[in-house]
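*Asks:* Return atomic coordinates for the entry below.
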Amino acid sequence: MPDHPGPSTTAHEAEAVSARPDHDSFDNLLSRTPHPYHRQPDELLEPSSRLVGRHSPPPTDSGTEADDEHFLKGLPAPRRLRKGFNGRHEASSGASTPFRALTPLVDDEARRFSFAKKETSANQTPPLAVDRLRRKRMREVVRRSTELLILGALGLCVYTNAQVRPIIQRSSREIRHAAAAIVTLVALYPLRLLIWAYSHRVPSRTLPIKVPSVFDPAPLFYPPTITISIAALIAVNNEAVLLPNIILALCSLPRALIPTLSLPGEDVNPIHWVVTSAPLAIPRLLGDLAITPTYKGSTNPSPAALPPEAAILLYPLHCSLLHVLHTLTTTSLLAAELQLLSVGLINILLLSSSPQITILKAMLWVGGLDILVSCTKPIQWGIALARVPKWRFKQSPNPVKRRTVFLSTLMPWRRMRHDLFHAPLDSSSCSSCEAMDDPDDTDDAPNQMPRGLTRVRSVNVDGARIARDLEVSSCSGLDGVIEKRTATKQARRHTLPSTGNQRKVQTHTPSGRKKRSASVSIKAFVSLTYHQATLRKWIYALYVYICFVATILLPIHPIGVKEAVEHESLNGDEPVGWALGYLFGDIQWFRWKVVSHNLVWWIPLPARFSRESDKAAQQGRAEQFQTVFGAANTRLLLGAHCLAIITVGLFIVFRLSPVCEVDTRRKVFHFMMVAMFAPATYIDPCFVALALSIVLAAFLLLDLLRASQLPPLSKPLALFLAPYVDGRDLRGPVVISHIFLLIGCAIPLWLSLGSLPRAGSGHLQGWDVPSREIAMISGVICVGLGDAAASLIGRRYGRHKWFWGGGKSLEGSVAFASAVFLGLMAAHIWLRIGEWAPTNRYSDTLQTTMKKAGACGAMASLTEAVLTGGNDNVVVPVVLWACVKSLGV
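*Replies:* Numbering: from 1, shown residues only. From the prediction side, this is the model:
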């Protein structure tokens, strides 16, 4: 399919596709563009005829290719922002079908096919090379088939759950309609290609359709399958969330599957909108919507999460959100990741009900929209201003003369620094700017003056030639050179051009290359002096910081984050006072101060229980200790534990920096996540979920400051993150490694809390759960233990690769599965030691639990080995959570 033009392709493009072989489509990959993160106009939210490949890392010797240091070393150095590949990036957004991206596998395959004669040796004939490519194609087909089998097994695990099966049966009508729409669109896509091909040209073959080996089903199957599977598991606690997620699953279909009637610049496809309305419209058209579904054994109707008039607007909301997310992240996210991110944000916006998730909604939606509206232009101006090198700024007309001190009169500092360290005399030179821009691109840089004696010829009004000697000594200062150039220009003002060799216009470099023109964003700032530009940077930064503070503290309910949290999450309690009582409410002197100063109206205090109380008698060992010691004191103890782990972890990372490679230092952070959250999650899951939400918002805010390049925090943040970035971070402007690491640990906990009933009373209503489950820490186990074990073992002992290649080794996958199995069993033991009430009520024996844990570890390991359409730190924890939750480990 991807090698054939689709219905949206023009006739000229069809002739080009039919005239050239498959490998010639890679010739344009070497073209340059000054905007590496920008898309071509035809790539932005338009229908595409290609339902193909993703950007996959090159084959390496690592157990996990995403964290491979050799992959990072093999990437082109980001020397200039103007350099990049023109087009051929990942999909511009989830609304568009992914294009064929520049992947090392595709590039290598096309290069070998195109230049087979050059690469084949005397003992190797071209047929052997073609046979090798055919075998590689077969391996890719096996890899994609395995990926589809994993998704099918995941859906089967969800359906076999005893609590989920009745819910799916009651919603089978909507699921059947959605599945029928997806199957119909996939089946009609080749037919649409055939009709278009025969209507625009005469194909050379009867069936002019070819599915390439780089076909990636991730954008087509991952978002709908994961969305419906997770919604079915969460529907155990609230069945009404299933129907909106079925509609969102249809919204996440690739746009190439849907026939379009809209213009190229429009985001919303009317036909796609009609398809997403099928689960709502078809039952109404058939006349059976009047029958409200009910629970078995109950006459109460199922709760309605969204009214039909709101559910039918999910598709335009999804398209608008995709456009905004793509503008913010550009090439940092893959197509499937962008779709899943949009679906998750819409669920947080419309379906969140617990206090922890409503706080996350206030930070992401209220705070994010406030910053997006108020700070977009200043951040764009700050980025454009930071890209202007120092020498391009206008020279100050009246430079301030520095005061002369006694030491400077004896030995000028510039001259001494030049003699001792061979530094340039111009103190305004910037080595980092020279690294970003060619020195040949200077139009009239003052530091490019010729040395020695230069003769300038001119003609006066009488026709006589006047020769002026401009003597530039190697020891003369820059100010004198500028004064002589100014005097020379003034002397030549009333002269006539001579017929001799005149100075050419500075449109080419001395080597003959034509100078590139400055971008529009840079031209707006070159009229400023360097000091004016620096002042303007600080003004932009001050405005952005003021907006950040106003976003949090603004006392307006629809705008301020603090007000939104107060009304939607804390039942009217003031957030600062509530937080003080939540953390310090069990300290005796703090309670006395609050009561004595009559501050109970502001700081709500928790109730105190003794060991002999009825509540403590009904609890397990860990909950009894927490009740007697105090829940607030326990939270303080958990916070001190996390701070100690962070301190020790950073100390180890800094000590390992001179002696260990990047991958080993990165895995220290993975183990830190395990040490912090594995024991703390069972003790107080709601507190850990709240902490993860706040840390995620802080990470996003800090990365925005880093990407904005505004003083004073952008440079320190960039320098701190630079030693730990990998290839995925260099794919776009967002450093996603630490953010996805945190999300991978947090998503399973958030999903588990969304599927469990809540407890609590008073101002802590909804801040406790009566039961625990192993699925809560499946993300910590997967990311902290499985991924780290696969990388460390695979890099050192990985000798046997998987059949389909890709750099993943069998040894690394076995280590991944073993680490996940051991982590799940350790969580089971910790659950029994603490005597928490599990969701399965210990219905399984130890042997059954071990079998289920082994199956979950194998499923997660196989998913990590074949996954190419998403980040393994996010997708694999979600798959593991679904397996653990479905099997009831």
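*Asks:* now the stretch 201-350 of the chain, which segments are flagged as low pLDDT?
*Replies:* Under the criterion pLDDT under 70, the flagged ranges of the stretch 201-350 of the chain are 213-214, 265, 284-305.
*Asks:* one more time with 80
*Replies:* By pLDDT under 80, the weakly predicted segments of the stretch 201-350 of the chain are 203-216, 261-266, 282-305.
*Asks:* One more: the stretch 601-750 of the chain?
*Replies:* The stretch 601-750 of the chain contains residues with pLDDT under 80 at 608-621, 663, 726-732.
*Asks:* Tell me where it has strands.
*Replies:* Applying DSSP state E, counting those that start in this stretch to the stretch 601-750 of the chain gives no strands.
*Asks:* Buried residues, the helix or strand harbouring I539. List them.
*Replies:* If you go by DSSP states H and E, I539 is part of helix 530-553. Using 16 or more other CB atoms under 10 Å as the test for burial, helix 530-553 gives Y530, A533, K537, Y540, A541, Y543, V544, C547, F548, T551, I552. Backbone N, C-alpha and C define where each C-beta goes, glycine included.
*Asks:* does the last one really touch E563, like I thought?
*Replies:* Put plainly, it is I552. No: counting by CB atoms under 8 Å, I552 stays clear of E563, with 10.0 Å between them.
*Asks:* Can I get the helix holding I539 in CSV? Just the C-alpha atoms.
*Replies:* Output of helix 530-553 as CSV, limited to C-alpha atoms (Å, rounded to 0.1, in the frame of the first residue of the first chain):
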residue,chain,number,x,y,z
TYR,A,530,23.8,42.8,21.9
HIS,A,531,23.0,44.6,25.2
GLN,A,532,19.5,45.4,23.9
ALA,A,533,19.0,41.7,22.9
THR,A,534,20.1,40.6,26.3
LEU,A,535,17.7,43.0,28.0
ARG,A,536,14.9,41.8,25.8
LYS,A,537,15.6,38.2,26.7
TRP,A,538,15.3,39.0,30.4
ILE,A,539,12.1,40.9,29.8
TYR,A,540,10.6,37.9,28.0
ALA,A,541,11.8,35.6,30.8
LEU,A,542,10.3,37.9,33.5
TYR,A,543,7.0,38.0,31.7
VAL,A,544,6.9,34.2,31.4
TYR,A,545,7.7,33.7,35.1
ILE,A,546,5.0,36.1,36.1
CYS,A,547,2.6,34.2,33.9
PHE,A,548,3.6,30.9,35.6
VAL,A,549,3.0,32.4,39.1
ALA,A,550,-0.3,34.0,38.0
THR,A,551,-1.5,30.6,36.5
ILE,A,552,-1.0,28.9,39.8
LEU,A,553,-2.3,31.6,42.2
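*Asks:* and the helix or strand following that helix with helix 530-553, angle?
*Replies:* Later in the chain than helix 530-553, the nearest helix or strand by DSSP H and E is helix 561-568. Interaxial angle of helix 561-568 relative to helix 530-553 (axes from the mean of the first three to the mean of the last three CA atoms, to 10 degrees): 10 degrees.
*Asks:* Show me what helix 561-568 packs onto, helices and strands only.
*Replies:* helix 355-361, helix 530-553, helix 575-584 (3 or more CB pairs under 8 Å, 6 or more residues apart in numbering; DSSP states H and E).
*Asks:* taking the mean pLDDT, what do you get for that helix?
*Replies:* For helix 561-568, the mean pLDDT works out to 91.
*Asks:* what does stretch 836-845 give?
*Replies:* Mean pLDDT, computed over stretch 836-845, is 78.
*Asks:* next one: stretch 823-833
*Replies:* Mean predicted lDDT for stretch 823-833 stands at 92.
*Asks:* residues of it that come out buried?
*Replies:* Buried residues in stretch 823-833 (16+ other CB under 10 Å): G823, L824, M825, A826, A827, H828, W830, L831.
*Asks:* Quick one: residues in contact with it.
*Replies:* 621-622, 674, 678-679, 682, 772, 774, 777-778, 780-781, 784-786, 838, 842, 849-850, 853, 856-857, 884, 889 (CB atoms under 8 Å, 6 or more residues apart in numbering).
*Asks:* In helices, which of these fall?
*Replies:* With DSSP state H as the criterion, helices contain 621-622, 674, 678-679, 682, 778, 780, 849-850, 853, 856-857, 884 from among the contacts of stretch 823-833.
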